[in-house]
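1. Structure here, sequence nowhere to be found:
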Ligand SMILES: Nc1ncnc2c1ncn2[C@@H]1O[C@H](COP(=O)(O)OP(=O)(O)OP(=O)(O)O)[C@@H](O)[C@H]1O
């Protein structure tokens, strides 16, 4: 590809080469359609654009890293063979990530338009000619701050403590961060109660992708999405808003439940969602409930949200709370005795945010006054928080949980049935009632079908004995106790 005769000839030669390559490529595409089928072709191969030839190598472009890797793994050799059959001088195919020019939208902050000739900041930037792919190098990884909230630097995979309740969601988030748009993982829908780490995981995905490079990430709360949309309508710039959204590689929307009842915004989100997924981009969404339980969201949106991977973050266990506290205490550099951590993990069970808040207050207090953290100081410094968490468990709740756990009828808690499958759970419920409530033995007996207080004493000692003998049984009872306390 030498020019030698001046700029015009070089351009003419490049154009001629392009049109010849385009003819070869269209023939190869026809072959591929027949070989792999129309659907497969449209999903993976249609997005390829042809780049330059250098010696014996032709460069093909794909819009995302994920597509590039997939096509390379599945079709790399075949593409090489087909090109070689068309143009014997081509012996190798190089696959690169590049956004086709038709998709190119402003890629930086609004105040730094990437296309120098942009006529005005409130108009979409002009697009280069459709056939010229934009190579990946000049387009650095970025967080689309024009669209989105900046990522919180503290929320990374490294600082996320993994335990049983969140290990699945964590694994899914890691997978998406490593391979955005993997089949089966798009969209990734994370859900769980308040303060259990959904936002932390989303920011971790964003941080990882940006660190890895080559993708643009937009993160925003559903609330922010709505306000941006409304502002765009008011300023008559909805097209620009849509284009910005649809130009990102990964779109993350936090707290989607906010869109319940906001029909127009839902509609807009639905179209954005479809446009991105259809273009092979990744969507990550969080909400407080699963897609099927988000009544108030349009059915078609709920259906699409549930199409990828739905991962639940469960309420924390005692072990996870301890691990989180340990990690955060270590990071703070303040020595917090194990018994203080255990005390907090027992007392503050509702969510990690509150747990973290309590620990932060303790640490701040220790730093301010230069005093060691003790159990007494903890009770003093946190007395208001601890009081709010002093939960009263009722005997009815205990009976319900225990019955559910062993799959027996609630009425069997007070029935006369003595079969072990029923009597043992009943004894456990009596034991837990004694442990977790301040009710007297006769009161407990009365709640269990008017039994005598000696029956309750017998149940307590029987369960205590069995727990000592049988670790699996002890674990069951312990689990129930923690569930009831949280
Ligand atoms: N497994 C964890 N390891 C470390 N920190 C955690 C973990 N889970 C939650 N946190 C911390 O708890 C706080 C609350 O988490 P986050 O904001 O991610 O919760 P959320 O599920 O998004 O809550 P909301 O429903 O209110 O949006 C954050 O400071 C976060 O870092």
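-> Looks like it arrived, so ask away. Here the structure is a predicted model, which is why all the values come from computation and not from measurement.

2. For the stretch 101-250 of the chain, give me the ranges with low pLDDT.
-> Filtered on pLDDT under 70, the stretch 101-250 of the chain yields the residue ranges 101-148, 214.

3. Now do the strands for the stretch 301-450 of the chain: every range, in order, please.
-> With strands called from DSSP state E, counting those that start in this stretch, the stretch 301-450 of the chain shows them at 309-313.

4. Residues of it that sit close to the ligand?
-> When proximity is defined by C-beta under 6 Å from any ligand atom, the stretch 301-450 of the chain lies next to the ligand at 324, 352, 353, 356. Every C-beta, even on glycine, is put in place using the N, C-alpha and C of the backbone.

5. could you list every residue that touches the residue nearest to the last one when sequence neighbours are not counted?
-> Spelled out, it's residue 356. With sequence-adjacent residues excluded and distances taken as C-beta to C-beta, 6 or more residues apart in numbering, residue 356 is closest to residue 328, at 6.2 Å. The contact partners of residue 328, taken as C-beta atoms under 8 Å, 6 or more residues apart in numbering, are 356, 359, 360.

6. Tell me the most packed of those, by neighbour count.
-> Counting neighbours by other C-beta atoms under 10 Å, residue 359 comes out on top of those with 24 neighbours.

7. and that residue, what pLDDT?
-> Looking at residue 359, its pLDDT reads 95.

8. Kindly report the same for residue 7.
-> According to the model, residue 7 scores 38 on pLDDT.

9. mind listing what the nearest residue to residue 385 once chain neighbours are set aside touches?
-> Ranked by C-beta to C-beta, 6+ apart and with sequence neighbours excluded, the top spatial neighbour of residue 385 is residue 358, at 5.3 Å. With contact taken as C-beta under 8 Å, 6+ apart, residue 358 is in contact with 344, 348, 382, 385.

10. what's the burial count for the first one?
-> Okay, so that is residue 344. Residues near residue 344, counting by other C-beta under 10 Å: 25.

11. List the residues that contact it.
-> 321, 325, 355, 358, 359, 378, 382.

12. Which of those residues sits closest to the ligand?
-> residue 355 (7.6 Å; C-beta to the nearest ligand atom).

13. Which residue is the nearest non-sequential neighbour of that closest one?
-> Residue 355 sits nearest to residue 348 (C-beta to C-beta, 6+ apart), 4.8 Å away.

14. ok, now residue 289?
-> Residue 289 sits nearest to residue 191 (C-beta to C-beta, 6+ apart), 5.8 Å away.

15. Hey, what's the angle from the helix or strand where that neighbour lies to strand 309-313? Just curious.
-> Using DSSP states H and E, the element containing residue 191 is strand 188-192. If you take axes from the mean of the first three to the mean of the last three C-alpha atoms, to 10 degrees, strand 188-192 sits at 20 degrees to strand 309-313.

16. so how far is strand 188-192 from its chain's centroid?
-> 6 Å (C-alpha atoms, centre = their mean, to the nearest Å).

17. Can you name the residues in contact with the next helix or strand after it?
-> Using DSSP H and E, the helix or strand that directly follows strand 188-192 along the chain is helix 198-212. Helix 198-212 has contacts (C-beta under 8 Å, 6+ apart) with 141-143, 151-153, 155-157, 159-160, 166, 169-170, 173-174, 176-178, 180, 190-192, 215, 217, 219, 249-250, 252, 254, 284, 286, 313.

18. and these, which of them are in strands?
-> Residues of those located in strands (DSSP state E): 142-143, 190-192, 217, 219, 250, 252, 254, 284, 286, 313.

19. Any figure for the gap between the closest residue in space to residue 241 that isn't next to it in sequence and residue 239?
-> Of all residues not flanking residue 241 in the chain, residue 232 sits nearest, at 3.7 Å (C-beta to C-beta, 6+ apart). Per C-beta to C-beta, to the nearest Å, residue 232 is found 9 Å from residue 239.
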